[in-house]
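# pasting the sequence and the predicted model now:
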Amino acid sequence: MTHHLIRAAILTGFAMFIVYLDRTGEMILYIAPRMELYVKLSAIGLYAAAIYQVYAALQKRLGNQVPDCDCEHEHSPSLFKNIMIYGLFIFPLLLGFLVPTGTLGSALAAKKGVSFSGNSSIERAAAPSSPSPAIHEAESTPPPSAVQKNPNTGSSETLFPSDEYTADHAAYGKKLYKQPLISVPEKQFIETLTTLDLYREAFIGKEIEITGFVYREEDMGKDRFAVSRFAMSCCSADALPYGLMIIWPKAMDYADDEWVSVRGEFTTSTYLDNEIIALEAVKLTRIKAPESPYVYPDFDFGL
């Protein structure tokens, strides 16, 4: 009987923990929004299992035979062994209730490594070819400001070549290219960084705005840091950091994990012998960490 009641208490505890996360809004710190419904439904299953354990305990108390699995296994008579077994469930449950919920930051980013190219599984398109000298001579010379702000004036097909794997990013890149200020949104954070990296030559000189937490490595030096966000596909265990290198003379004024909004000119930089996309910052603003610090893949991208 005692074992049934202990199991009922543990099952009820996990169900209540799910309800607690939902009521406090902290569930988004553990799982992606698309998984929330399944986790909430699992709480109903846990309550049902707990009710059955209470029923089994009452039946045993009344001396009635409770249907079993015919496995012919008996509960261990060892108190220590029982404490260890139930402790494996009770200890993490207590941690969930007692330990304040934190967010992933620089410490974990350093272990997993920040991606500066968005979705690395998509290969970068070939660099767009420069217009021929004859075309330059025939065209009127644009004002100097236009040259500095947007040096790539080729056709959209030239600037955004694509194949079956990059067609959606090419179409998205053409849309971004028309915007005077390209803001990296939360909804399509990974997709936007991937597009900027795939067609970096087209976006050189464009004004970009991005928000995230400060992440730095020793090799970045004193004038660079990364603005990063953790992307979660299913739960916090599979979260991966994505970011953009920021070039700013006063980079050391900003602490690790501090949330900032950065606006700057899109360019490229060399880091660990690799050419990566970067921003030459013109404006940095300290901001409050958002309620949902994570970003998620947009599964409707390109539809």
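Right, received. Where do you want to start?

# buried ones in the helix or strand harbouring Val39?
Per DSSP states H and E, Val39 falls inside helix 36-61. Across helix 36-61, burial judged by 16 or more other CB atoms under 10 Å covers 36, 43, 46-47, 49-50, 53-54, 56-57, 60. Heads up, the C-betas are built off the backbone N, CA and C, glycines and all.

# could you dump those residues to JSON lines with pLDDT and distance to Ala167?
Below are the buried residues of helix 36-61 laid out as JSON lines (pLDDT from 0 to 100; distance: CB to CB, whole Å):
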{"residue": "Glu36", "pLDDT": "94", "distance to Ala167": "32"}
{"residue": "Ala43", "pLDDT": "96", "distance to Ala167": "42"}
{"residue": "Leu46", "pLDDT": "97", "distance to Ala167": "44"}
{"residue": "Tyr47", "pLDDT": "97", "distance to Ala167": "47"}
{"residue": "Ala49", "pLDDT": "96", "distance to Ala167": "48"}
{"residue": "Ala50", "pLDDT": "97", "distance to Ala167": "51"}
{"residue": "Gln53", "pLDDT": "93", "distance to Ala167": "54"}
{"residue": "Val54", "pLDDT": "94", "distance to Ala167": "57"}
{"residue": "Ala56", "pLDDT": "89", "distance to Ala167": "58"}
{"residue": "Ala57", "pLDDT": "91", "distance to Ala167": "61"}
{"residue": "Lys60", "pLDDT": "84", "distance to Ala167": "64"}
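
# looking at these, which is nearest Val260?
Lowest distance from Val260 to these (CB to CB) belongs to Glu36, with 28.8 Å.

# number of nearby residues for the closest residue to Met35 other than its chain neighbours?
The shortest distance from Met35 to any non-neighbouring residue, by CB to CB, 6 or more residues apart in numbering, is to Cys234 (6.0 Å). Residues within reach of Cys234, counting by other CB atoms under 10 Å, total 12.

# show me the contacts for Cys234.
Going by CB atoms under 8 Å, 6 or more residues apart in numbering, Cys234 touches 31-32, 35.

# tell me how far it lies from Glu36.
11 Å (CB to CB, to the nearest Å).

# figure out the helix or strand that Arg263 lives in.
Counting by DSSP H and E, Arg263 is part of strand 259-271.

# now the buried residues of helix 36-61 in a markdown table, with distance to Asp163?
Shown next, in a markdown table, are these (distance: CB to CB, whole Å):
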| residue | distance to Asp163 |
| --- | --- |
| Glu36 | 36 |
| Ala43 | 45 |
| Leu46 | 47 |
| Tyr47 | 51 |
| Ala49 | 50 |
| Ala50 | 54 |
| Gln53 | 57 |
| Val54 | 60 |
| Ala56 | 60 |
| Ala57 | 63 |
| Lys60 | 66 |
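
# that older thread, now, of the contacts of Cys234, which are buried?
For the contacts of Cys234, a burial check counting by 16+ other CB under 10 Å picks out 31-32.

# nearest to Glu157, of the contacts of Cys234?
Nearest member of the contacts of Cys234 to Glu157, counting by CB to CB, is Ala32, at 35.8 Å.

# isn't the closest one up against Ser233?
Yes. Between Ala32 and Ser233 there is a contact under CB atoms under 8 Å: 6.4 Å.

# what does Thr211 show for phi and psi?
Dihedral angles of Thr211 (phi, psi; degrees, to the nearest 10) stand at phi -130, psi 140.

# identify each buried residue in whichever helix or strand comes after the helix holding Val39, please.
Scanning forward in sequence from helix 36-61 by DSSP H and E, the next helix or strand is helix 79-98. Using 16+ other CB under 10 Å as the test for burial, helix 79-98 gives 89, 96.

# now stretch 96-111
The neighbour-count check on stretch 96-111 (16+ other CB under 10 Å) flags 96, 104-106, 109 as buried.

# cool, and stretch 242-253?
Buried, per 16+ other CB under 10 Å, within stretch 242-253: 242-248, 251.
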